[in-house]
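> need the 3D shape of this:
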Amino acid sequence: MIRLDSLTKVFDTQKGAVVAADHINMEVPSGEICILLGPSGCGKTTTLKMINRIVRPTSGKVFIDGEDTTGMDTQTLRRNIGYVIQQIGLFPNMTIEENITAVPRLLGWDKAKYRERARELMAMIALEPDAFLKRYPSELSGGQQQRIGVARALAADPPVMLMDEPFGAIDPINRAVIQDEFLKMQQALKKTIMFVSHDIDEAIKMGDRIAVFREGKLVQYSSPDDLLADPKDSFVESFLGSDRALKRLNLVKAREIATRDIGTVSPEDSLEKALAMSDDFGYETAILMVNDQQQPAGMVMRSVAQTTKGYCRDHFQNVPAMVGLDDDLRTVASLMLAHDITWLPCIDDQGRVCGQVTQRALTHHLGSRFRAQQGNPMSTAPISEE
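Below is the predicted model:
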């Protein structure tokens, strides 16, 4: 959807020519988010702004959906590209509805159509249309204004969006919420997005691909997982940080390391059977008890089963934690640490036990990509999608 062909920008200054972007070549497939990442002054924002011609390239070309934009009228180009900036840039003298519908009105949309589009977008960004559309930007919080900025960029349903540190000025809690909402929207909208960030954690969370810049040059262009597992050089490695293996926790879902091999007992089983099952499956502290629907009903402690006679239904504790198949490994690791446990039951969308995640599997998977880069690949046995 977006292709940059030797895109270059040279600024003339009093001290001479400064190359801000040096022959940038990259492609962003349709429906993906590409994060432009790097330290201040590395050329990422200049590259972004050359796409909608806020900064005019010195040389090179920008192609959108296969079309060379060099000869395209600037206003036409910009009206077909959504643009979101950190400073938001809402018009203070316009209502929220007028801000959102600015481009559709310029394009000559019917009034009923653009008003309905505004309501649709407000619902999409989780703001009540009746409560907010007639307000002015000054009446909204910074986080709410940022959501309106995103809605305005989406108003004319552009195929391409450019986002220049759009969530950088928002506090961490609201920032995480808006990021999550935006990713949910993206799953449905499938826009092609170029997104400038200086935050590696944001890049890993938001991006399908990450482009790392340094001094005007594109140093590495990879998926987040490939970037973390195999940085191209010492600069990229240092920029990612010494904890890059831990950053992969956000990228891997529990289903990728969960196994179906899990021992359970029913409420009607004896404690003697619970102890035997614990031995069979190597559980040192407890075994999971499930009900008739195969849903977690409690934990039978090994110490109780060793010293007491009776049935599981009379001697169990609450399950300390569970994970869903689509929870990421950061969630898994946090729960294990919080409850001082080395395994967790995995449940499906109906709350039924479908496997388990172990601490051993988690650490094995995290290290597997790094071992593979060193020529020692090892495999895991994830739950299938069936």
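
> so who does S30 touch?
M1, D65, P159, K190, T192 (C-beta atoms under 8 Å, 6 or more residues apart in numbering). For glycine as for every other residue, the C-beta is placed from the backbone atoms N, C-alpha and C.

> mind redoing it with 10 Å?
Contacts for S30 (C-beta atoms under 10 Å, 6 or more residues apart in numbering) come out as M1, I2, D65, P159, V160, K190, K191, T192.

> where are the low-confidence patches of the stretch 1-150 of the chain?
Filtered on pLDDT under 70, the stretch 1-150 of the chain yields the residue ranges 87-88.

> out of the contacts of S30, which end up buried?
M1, I2, P159, V160, K191, T192 (16 or more other C-beta atoms under 10 Å).

> one step back: out of the contacts of S30, which is nearest to H315?
H315 has its nearest neighbour among those in K190, at 51.9 Å by C-beta to C-beta.

> may I see the contacts of S30 arranged in TSV, with secondary structure as well?
Formatted as TSV, the contacts of S30 follow (DSSP: H, G, I helix; E, B strand; the rest coil):
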residue	secondary structure
M1	coil
I2	strand
D65	coil
P159	coil
V160	strand
K190	coil
K191	coil
T192	strand
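
> where does the residue of the chain most remote from its centre sit: helix, strand or coil?
Going by C-alpha atoms, centre = their mean, the residue of the chain most distant from its centre is K309, 49.6 Å out. Taking three-state DSSP as the rule, one finds K309 in the coil state.

> tell me the two of the buried ones among the contacts of S30 that are most distant?
Between any two of these (C-beta to C-beta), the greatest distance is 11.0 Å, for I2 and K191.

> which residues are in contact with both of these two?
Listed contacts common to I2 and K191 are S30, E32, P159, V160; contacts here mean C-beta under 10 Å, 6+ apart.

> identify the farthest-apart pair in these.
The farthest-apart pair in the shared contacts of I2 and K191, when distances are taken by C-beta to C-beta, is E32 and P159, at 12.2 Å.

> need the overlap of contacts for these two.
Residues within reach of E32 and of P159 at once, by C-beta under 10 Å, 6+ apart, are M1, I2, K190, K191, T192.

> from these, pick the one nearest S303.
Using C-beta to C-beta, those come closest to S303 at K190, 52.6 Å.

> surely the closest one meets P159?
Yes. Here K190 reaches P159: they are 9.4 Å apart, a contact under C-beta atoms under 10 Å.

> how about L7: what's its closest non-neighbour residue?
With C-beta to C-beta, 6 or more residues apart in numbering as the criterion, L7 has its nearest non-adjacent residue at 3.7 Å, and that residue is G60.
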